[in-house]
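Trainee: Mind folding the following:
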Amino acid sequence: MNTPVTSPLHYALCFASMAALAIFAVPIASAQGTPGREVPARTLPVPTTVSPQMQKIIAAPINPNWKVWPKTPEEWKASVAKAAAAVEQRLPALREALKVSIEPMTIDGVKAFMLTPTVIPPQNRNRLLIHVHGGCYVNGPGESGTSEATMMAGFGGFKVLSVDYRMPPDHPFPAALDDAMTVWKAAQKMAPAKNMAILGSSAGGGLTLSMVLKAKMDKLPLPGAIAPGTPMSDLTGAGDSFQTNAMVDNVLIAYGVSCDVRAAMYANGRDLKDPLLSPVYGDMAGFPPTILNTGTRDLLLSNTVRVHRNLRRAGVIADLHVHEGQAHGGWYRDHTAPESKETFEEIARFFDRHLGK
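Mentor: A predicted model of the protein is given here:
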């Protein structure tokens with residue numbers, strides 16, 4: 001476990017570096033001195049090739065405050081708490097709709113939640129999924145981080161243990177990874193590793209990959225399969241879709257703004273190419289079978305594609321699903337969208353093929 005960083009000088013330097021990062025939010029290619037291509041301004045219509053629910057998600061406007069974020073630890077905590085409260089208000093209805101119960105617990109000092117569907121198919125009764133939530137490493141505390149886990153439990157018919165890991169500004173890297181690994185080790189008393197999978201999206205996708213890298217480093221048993229959705233696998237801003245989908249993704253919007261400011265808080269001054277922060281740079285030989293999800297409008301499309309190619313080069317079984325029209329994590333924004341049910345059921349079938357029983 002790491003010690004919280006609280007010195008005023010640390011925060012001054014940390015927030016100054018974030019401000020500097022934001023200046024270079026969009027023109028990455030020109031800053032690198034590489035040739036570019038001028039693209040004329042144009043309006044992107046909402047595709048009619050997706051469900052009405054997904055059309056509504058795609059049509060949502062970009063937050064007008066996308067360049068505004070808290071400047072002090074106290075402001076960050078207030079912002080995170082406000083967002084969490086809004087999400088938690090919607091969760092009882094989600095659990096009711098998907099017939100999933102929730103149980104808070106503490107596992108070797110780490111907070112977590114067990115999501116259990118009313119009906120668990122026979123093949124899943126000796127299986128367990130470990131979930132690490134998204135939120136750019138800063139958002140999603142408590143129950144508010146369990147939406148994706150609830151959908152996985154409800155649509156997939158699995159018990160899902162969602163890790164409520166510690167986060168910045170009080171707990172930067174490696175606190176989240178430490179907590180996730182603590183739960184992973186403890187979970188082996190609940191089910192064999194071959195019967196377990198790890199999943200999560202966005203920051204949770206990055207953590208899913210980092211957990212496997214750390215388990216390899218520490219010579220721990222690996223899960224039977226993993227499902228990193230639109231993973232934050234490269235915090236350096238490398239990758240084509242950071243350019244092509246800038247201002248197209250209505251969730252992350254562009255590199256260097258709110259999500260990357262939060263990721264910088266998490267990184268806490270470490271080299272962003274550290275594979276435990278940017279797992280695309282890690283050795284993926286020996287990884288378990290992996291299913292990846294992204295969308296054609298996802299800012300992290302390239303992050304996801306590059307992970308898939310690295311896995312395939314390493315000889316790993318890896319499925320890549322690119323969803324029509326979807327921005328970052330579109331498949332877990334509305335449980336009533338048929339695309340959501342389809343995606344989680346696809347993950348469940350993948351797990352069923354690769355997990356022990």
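Trainee: going forward, measure contacts between C-alpha atoms and count neighbours the same way
Mentor: OK.
Trainee: could you pull out the strands for the protein?
Mentor: Ranges of strands within the chain are 100-107, 110-117, 128-132, 160-163, 196-201, 225-229, 290-295, 318-323, based on DSSP state E.
Trainee: mean confidence for the shortest one?
Mentor: Averaging pLDDT along strand 160-163 yields 98.
Trainee: Please save the CA atoms from that strand in PDB.
Mentor: The C-alpha coordinates for strand 160-163 follow below in PDB (Å, rounded to 0.1, in the frame of the first residue of the first chain):
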ATOM      1  CA  VAL A 160     -19.300 -10.300 -10.100                       C
ATOM      2  CA  LEU A 161     -16.900  -8.900  -7.400                       C
ATOM      3  CA  SER A 162     -16.400  -5.200  -8.100                       C
ATOM      4  CA  VAL A 163     -13.300  -3.600  -6.500                       C
END
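Trainee: Residues touching that strand, excluding its own?
Mentor: 110-116, 128-133, 145-146, 149-150, 152-153, 179-180, 183 (C-alpha atoms under 8 Å, 6 or more residues apart in numbering).
Trainee: Mind naming the longest helix for the protein?
Mentor: helix 73-98 (DSSP state H).
Trainee: Show me what that helix is packed up against.
Mentor: In terms of contacts (3 or more C-alpha pairs under 8 Å, 6 or more residues apart in numbering; DSSP states H and E), helix 73-98 is packed against helix 147-156.
Trainee: Skipping adjacent residues, who's closest to residue 320 in space?
Mentor: Using C-alpha to C-alpha, 6 or more residues apart in numbering and skipping residues adjacent in sequence, the residue nearest residue 320 is residue 292, 4.9 Å away.
Trainee: thought the one you found was touching residue 225?
Mentor: No. The criterion here is C-alpha atoms under 8 Å, and residue 292 misses it with residue 225 at 11.2 Å.
Trainee: Of these two, which one has the most company?
Mentor: Each of residue 292 and residue 225 has its neighbours counted (other C-alpha atoms under 10 Å); residue 225 has more, 27 against 23.
Trainee: show me the residues around residue 49 that make contact.
Mentor: residue 324.
Trainee: so what's it scoring on pLDDT?
Mentor: Looking at residue 49, its pLDDT reads 98.
Trainee: can you check residue 296 too?
Mentor: 98.
Trainee: Kindly report the same for the one 5 residues further on.
Mentor: According to the model's per-residue confidence, residue 301 sits at a pLDDT of 98.
Trainee: Quickly note the distance from it to residue 142.
Mentor: 28 Å (C-alpha to C-alpha, to the nearest Å).
Trainee: Same question for residue 175.
Mentor: Counting by C-alpha to C-alpha, the gap from residue 175 to residue 142 is 16 Å.
Trainee: I appreciate the help and will end here.
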